[in-house]
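**Q** sequence plus predicted model, see below.
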Amino acid sequence: MHMLFYISVILLTGLIMAKIIRLLKLPNVTGYLIGGLLIGPSVLGIIPREVVGSFSIISEAALAFIAYSIGSELNIEHLKKLGKGVVLITVLEALCATLCVTLGMIFIFKQPLHLSVVLGAIAAATAPAATLMVVKQYNAKGPLVDTLLPVVAMDDAVCIMIFGIASAIAKILIEGVESVSLASLILSPIFEIIGALALGFFMGFILAWISKKVKGEDELLGVVIAFIFLTAGLSIQFNFSSLLSCMMLGTTLTNILPHNKKVFTVIENFTPPLLVLFFTISGVELNLSILKSVGLVGIAYVILRAVGKMLGGYLGAVAAKSPETVRNYLGLALLPQAGVAIGLSMVAQKILPPPFGEEVRTIILAAVIIYELIGPPIAKFALAKAGEIQEG
């Protein structure tokens, strides 16, 4: 069948499964993943295995838009208003999750160093959508919510930076430490990160200037999409992190043009179907046949990450002198994982050699389904224990 037929089937399946899963009060992303799994080669085989690799361009495009949107939230003036405490909490909860997973994989489960480093980096990511749905549904208010909202907004940006370092280290480890000098070991990750950020800043500066000259939303939409693709394409060409570059593109724009929201809102009608395709394709790519071999490691990832998030949330809240309710329950509300984690697992699959790349992808996709199932009830429990759910 023609590729357009498969894209249509994937898009419709994702939309239908999201409606079905919503009846169970679960996030849309869970429906997309399950729908993709059902039509993929592991279950019904409607999408053949030989076709799956052809969808990489869609995934790369979706990742670029996700990173751009994350960057748009990093306005320096807004971050100053939030205070140092929230930034400290975000960094500590992300780093603790990374360290718990990385060290646990290396020393307890004896996993290869490059696999452990990449898994640990992805562990930092948190999906805000499920938690925010619970906050809105129960009209939750209080110190925990006031801390939680800005933390989940900044968390993915911190995760992308951690992953940028981890992926550069993993590449060096794969090539063989003996063939790489100590200087390269230190300088290579720094060069990749600086290169990605510099490219994103340069593109953002040019886009900010051009966007002032553009007339009409249709023209602006075309220009913004072109620059997002240009930034991602150049990053991939030069072996930089396209996630970091596109995030920096969005960050540069939101700080140069803080009052020009159109450069961000104009893509809101373009991205939803692209993101549905991205998440559903991720489900299609889920390989059930290797779940047995990564089963124990997958369960360990879920547990170690949860421990890291709770420990990091507690330590960050203590360091920031937050109220006791924030110290005790913030970590529980940070458990859901979805979009950015799935995207990073796709990047990891390209970086790591077989079978490690596919193992990371399978572990993360399985973990996302688990976290998206248990995340909302746990978030509700945390808010209730903190006394921030409004009765009636």
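**A** It's in. Numbering: from 1, shown residues only.

**Q** all strands for this protein, in order.
**A** Read by DSSP state E, the chain holds no strands at all.

**Q** what's the burial count for Gly233?
**A** Gly233 has 14 neighbouring residues, counting by other C-beta atoms under 10 Å. Yep, even glycine has a C-beta here, placed from its N, CA and C like the rest.

**Q** can you pull out the helices in the stretch 251-392 of the chain?
**A** Using DSSP state H, counting those that start in this stretch, the helices found in the stretch 251-392 of the chain span residues 262-265, 271-284, 291-319, 324-329, 339-351, 356-385.

**Q** where's His259 relative to Lys212, distance?
**A** Using C-beta to C-beta, to the nearest Å, we find His259 at a distance of 12 Å from Lys212.

**Q** Tyr32 too?
**A** Separation of Tyr32 from Lys212 (C-beta to C-beta): 37 Å.

**Q** between His259 and Lys212, which is the more surrounded one?
**A** Comparing His259 with Lys212 by other C-beta under 10 Å, the one with more neighbours is Lys212, at 10 against 5.

**Q** now the protein, which segments are flagged as low pLDDT?
**A** The chain contains residues with pLDDT under 70 at 27, 82, 128-130, 132-133, 137, 153, 176-189, 290-291, 293-294, 390-392.

**Q** center of it - which residue?
**A** In the chain, the residue lying closest to the centroid (C-alpha atoms, centre = their mean) is Val340, at 1.3 Å.

**Q** so that residue sits against Ser69, correct?
**A** No: the pair Val340 / Ser69 is not scored as a contact, 10.3 Å apart, by C-beta atoms under 8 Å.

**Q** between the helices of the stretch 251-392 of the chain, which gets nearest to Leu63?
**A** helix 339-351 (4.4 Å; C-beta to C-beta).

**Q** can you give me the buried ones in that closest one?
**A** Buried residues in helix 339-351, counting neighbours by 16 or more other C-beta atoms under 10 Å, are found at Gly339, Val340, Ala341, Ile342, Gly343, Leu344, Ser345, Met346, Val347, Ala348, Gln349, Ile351.

**Q** dump the residues you listed into JSON lines; add distance to Thr131 as well.
**A** As requested, these are arranged in JSON lines below (distance: C-beta to C-beta, whole Å):
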{"residue": "Gly339", "distance to Thr131": "13"}
{"residue": "Val340", "distance to Thr131": "14"}
{"residue": "Ala341", "distance to Thr131": "14"}
{"residue": "Ile342", "distance to Thr131": "17"}
{"residue": "Gly343", "distance to Thr131": "19"}
{"residue": "Leu344", "distance to Thr131": "19"}
{"residue": "Ser345", "distance to Thr131": "21"}
{"residue": "Met346", "distance to Thr131": "23"}
{"residue": "Val347", "distance to Thr131": "24"}
{"residue": "Ala348", "distance to Thr131": "24"}
{"residue": "Gln349", "distance to Thr131": "27"}
{"residue": "Ile351", "distance to Thr131": "29"}
